[in-house]
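> how would this look folded up:
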Amino acid sequence: MSEISPETLSDRLQDDGGDLLVVDIRHEGEYDDWHVPDSINVDLYDELKDDADTAQDALGDLPEEQEIVTVCGAGAVAETATELLEEMDYDAATLADGLNGWSRVHRHAEVPADLDGTLIQVARPGKGCLSHVLVSDGEAAIFDPSHYLEEYEAILADYDAALVGVFDTHAHADHVSGAADLAEQHDVPYYLHPKDALALDATPIEDGQTVTVGKLDVEVIHTPGHSEGSVSFDVDGAALITGDTLFHESVGRVELGVEAGIEDSDVEENAATLYESLQRLLDRPDDAVVLPAHDPGSPEPPVTATLGDVKERNEDLRRDRDEFVQELASDIPDHPPNFERVKRTNVGQESVPTDELAELELGPNNCAAE
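Residues are numbered from 1 along each chain as shown. You can find the predicted model right below:
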């Protein structure tokens, strides 16, 4: 039975993917929540588990001229689909580790920005996560890294840069941060606002503080609302790393910290706070590149937009204060899976074994308000 690695599938989909057909055999609702881009759904999960022969007719409708890649949550049931397809003379393979494996894939590309240095965006398409590596004059800083640290080590090596600091824009709710571990490995500061470093030994940052990376100044802007310790970073006036405060077409949701039991505020109060935080960002130059920590789709880096473009595209920014608060406090989308445990882990209140991290993070990214 053939397998294809998540990294190989990612590369082939990037190159063209026309000779591949990714077939997701999970239930339709699970597929609708989260799937490999451009895949199709053939809901055969129960049949493949209970009596695989009953799935042959549906699988026989798949095109014969394309290579089939079968997908499920962890890969086990998809293996049965692949075995059936091979018996039916299809060219088929299973995505190794399923969507669990797809969640590990990272891609990176340089961000076009007017800087005396280089800004690299690292996208994690299976989670919709975006992190950033800033390189200037032989020094580097990393913002919002995943716990797959080898991805960032490779970039540091490629750019021959020494890491001088690791930053989190906030305590994330959809994935476990690798920032503290990465900082410890390099013996450099892990920067996090005290309001989100509840039980962590992090280097505190505060509004207006400037951290120098090579020839560049990184200004801290305290932008609470999504979380009490949310910050954005102004990189030399040319780029805004906005975390989950400001997305290109939405803003951060405001109830996750409350519902995870780590904030004493209420949803309406957080929404009002977020409104005020956004006003501070909107005063920045319109040609600054806005770089959020997430993209709702399966991002292909670099995902960028100028602040001027975001002002035109983002309906949330056109609401007055009362309408903004009412909208965010009343229209609550589905929560990220396991967000309570993920949030508690990222503020230092819970420790998750390494072998459980992938399963804990499995699922769609739901950090935007809409």
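> element containing residue 155, please.
Per DSSP states H and E: residue 155 is located in helix 150-158.
> List the contacts of that helix.
Contact with helix 150-158 is made by 106, 108, 120, 122, 131, 133, 140, 142, 145, 162-163, 178, 182, as judged by C-beta atoms under 8 Å, 6 or more residues apart in numbering. Backbone N, C-alpha and C define where each C-beta goes, glycine included.
> and those as JSON lines, adding distance to residue 196?
Formatted as JSON lines, the contacts of helix 150-158 follow (distance: C-beta to C-beta, whole Å):
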{"residue": "106", "distance to residue 196": "24"}
{"residue": "108", "distance to residue 196": "26"}
{"residue": "120", "distance to residue 196": "24"}
{"residue": "122", "distance to residue 196": "21"}
{"residue": "131", "distance to residue 196": "17"}
{"residue": "133", "distance to residue 196": "21"}
{"residue": "140", "distance to residue 196": "23"}
{"residue": "142", "distance to residue 196": "17"}
{"residue": "145", "distance to residue 196": "16"}
{"residue": "162", "distance to residue 196": "26"}
{"residue": "163", "distance to residue 196": "21"}
{"residue": "178", "distance to residue 196": "16"}
{"residue": "182", "distance to residue 196": "17"}
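> Tell me which two of the residues you listed sit farthest apart.
Set against one another by C-beta to C-beta, these have their most distant pair in 106 and 162, with a gap of 21.3 Å.
> Out of the two, name the residue with the larger neighbour count.
Shown here are residue 106 and residue 162; by other C-beta atoms under 10 Å, residue 106 has more neighbours (23 against 12).
> how close does that one get to residue 153?
Remark: distance between residue 106 and residue 153 (C-beta to C-beta, to the nearest Å) = 12 Å.
> Also residue 199?
Residue 199 sits 27 Å away from residue 153 when distances are taken as C-beta to C-beta.
> Looking at the two, which one has more neighbours?
A side-by-side neighbour count of residue 199 and residue 153, using other C-beta under 10 Å, places residue 153 first with 14 against 11.
> Now do the strands in the stretch 51-200 of the chain.
Along the stretch 51-200 of the chain, the segments classed as strands by DSSP state E, counting those that start in this stretch run 67-71, 92-95, 107-110, 118-124, 129-136, 139-143, 162-167, 190-191.
> Quick one: end-to-end distance for stretch 223-242.
By C-alpha to C-alpha, to the nearest Å, the extent of stretch 223-242 from end to end equals 9 Å.
> Check stretch 346-355 too.
Distance between the two ends of stretch 346-355: 17 Å, counting by C-alpha to C-alpha.
> Flag every buried residue along it.
Burial within stretch 346-355, assessed by neighbour count using 16 or more other C-beta atoms under 10 Å, is assigned to 346-349, 352.
> Next one, pLDDT for residue 56 please.
pLDDT for residue 56: 87.
> how far away is it from residue 45?
With C-beta to C-beta as the criterion, residue 56 and residue 45 are 15 Å apart.
> Look at these two and report which has more neighbours.
residue 45 (22 against 14).
> Which of the helices and strands in the chain ranks last by mean pLDDT?
Using mean pLDDT, DSSP states H and E, the weakest-scoring helix or strand in the chain turns out to be helix 256-259, at a mean of 64.
> Wait, residue 43 touches residue 30, no?
No: using C-beta atoms under 8 Å, residue 43 is not in contact with residue 30, being 9.1 Å away.
> which of the two has more neighbours?
Taking neighbours as other C-beta under 10 Å, residue 43 and residue 30 compare with residue 30 leading, 18 against 15.
> From residue 16, how far out is that one?
27 Å.
> Longest helix of the chain, counting residues only.
helix 267-282 (DSSP state H).
> List the buried residues for that helix?
Those would be 267, 269-275, 277-278, 281, for helix 267-282 by 16+ other C-beta under 10 Å.
> any idea which helix or strand comes after it?
Immediately after helix 267-282, counting by DSSP H and E, sits strand 289-292.
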